[in-house]
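A.B. asks: Got a sequence here, can you build the structure:
(one chain, ligands or ions: 2)
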Amino acid sequence: MAEGRTYQGKCFCGDVALIVTGEPVAMGYCHCSSCREWSAGPVNAFSLWKPEAVRIAKGADKIASYAKTKQSVRKWCKTCGGHLLTEHPLLGLTDVYAATIPSLAFKPGVHVHYQESVLKLRDGLPKQKDVPKEMGGSGEILAE
Ligand SMILES: [Zn+2]
Ligand SMILES: [Zn+2]
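C.D. replies: Ligands and ions are numbered 1, 2, ... in the order given. So this is what the prediction gives:
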């Protein structure tokens, strides 16, 4: 079923490898405090995929996960602590961090949760106050 080109990804140490197939549903930047506090970075560059497009190729037993809320199950490598992906079970989507799959040409289309941003990115892309309407948000666009 999931035909198309594939993208290889791995954690920082390489104990965990994954393969993503096809094209992402969406790409962009998340500015929410959860992404920032968990990643210790000012913004998360995401690529969203159908869960069936994401396959763990190596080291599934090395993956740990943490769900602060039911919306996001965050996964990382137990050996190196490198982040891998976040499952969004209620949305039916998986965020494979853009940095995890460097061969994917990252073409961001949107910023989400911009009302929480600490790093302003004036790149001309739409700045969703929270998330788009089709994802259950307000759909409201903020100024850069
Ligand atoms: Zn690792
Ligand atoms: Zn976020």
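A.B. asks: So which residues of this protein form helices?
C.D. replies: All helices of the chain, identified by DSSP state H, fall at 33-39.
A.B. asks: how about the residues of it near ligand 2?
C.D. replies: Neighbours of ligand 2 within the chain, by CB under 5 Å from the ion: Cys30, Cys32, Cys35. The way it works is simple: take the backbone N, C-alpha and C, and place the C-beta from them, glycine included.
A.B. asks: PyMOL command to pick out the buried ones of these?
C.D. replies: Buried subset of those, written as a PyMOL selection, criterion 16 or more other CB atoms under 10 Å:
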select buried, resi 30+32+35
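A.B. asks: Redo the residues of the chain next to ligand 2 as JSON lines? Include pLDDT.
C.D. replies: Supplementary listing: those in JSON lines, determined by pLDDT from 0 to 100:
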{"residue": "Cys30", "pLDDT": "98"}
{"residue": "Cys32", "pLDDT": "97"}
{"residue": "Cys35", "pLDDT": "97"}
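A.B. asks: For this structure, give me the ranges with low pLDDT.
C.D. replies: Where the chain drops to pLDDT under 70, the residues are 1-3.
A.B. asks: Can you name the residues of this protein that neighbour ligand 1?
C.D. replies: Checking the chain against ligand 1 by CB under 5 Å from the ion, the hits are Cys11, Cys13, Asp15, Cys77, Thr79, Cys80, Gly82.
A.B. asks: surely the fifth one meets Cys13?
C.D. replies: I take that to be Thr79. Yes - between Thr79 and Cys13 there is a contact under CB atoms under 8 Å: 5.2 Å.
A.B. asks: Compute the distance between the nearest residue to Ser47 once chain neighbours are set aside and ligand 2, please.
C.D. replies: Counting by CB to CB, 6 or more residues apart in numbering, Pro24 is the residue found nearest to Ser47 once chain neighbours are left out, at 4.2 Å. As judged by CB to the ion, to the nearest Å, Pro24 and ligand 2 stand 16 Å apart.
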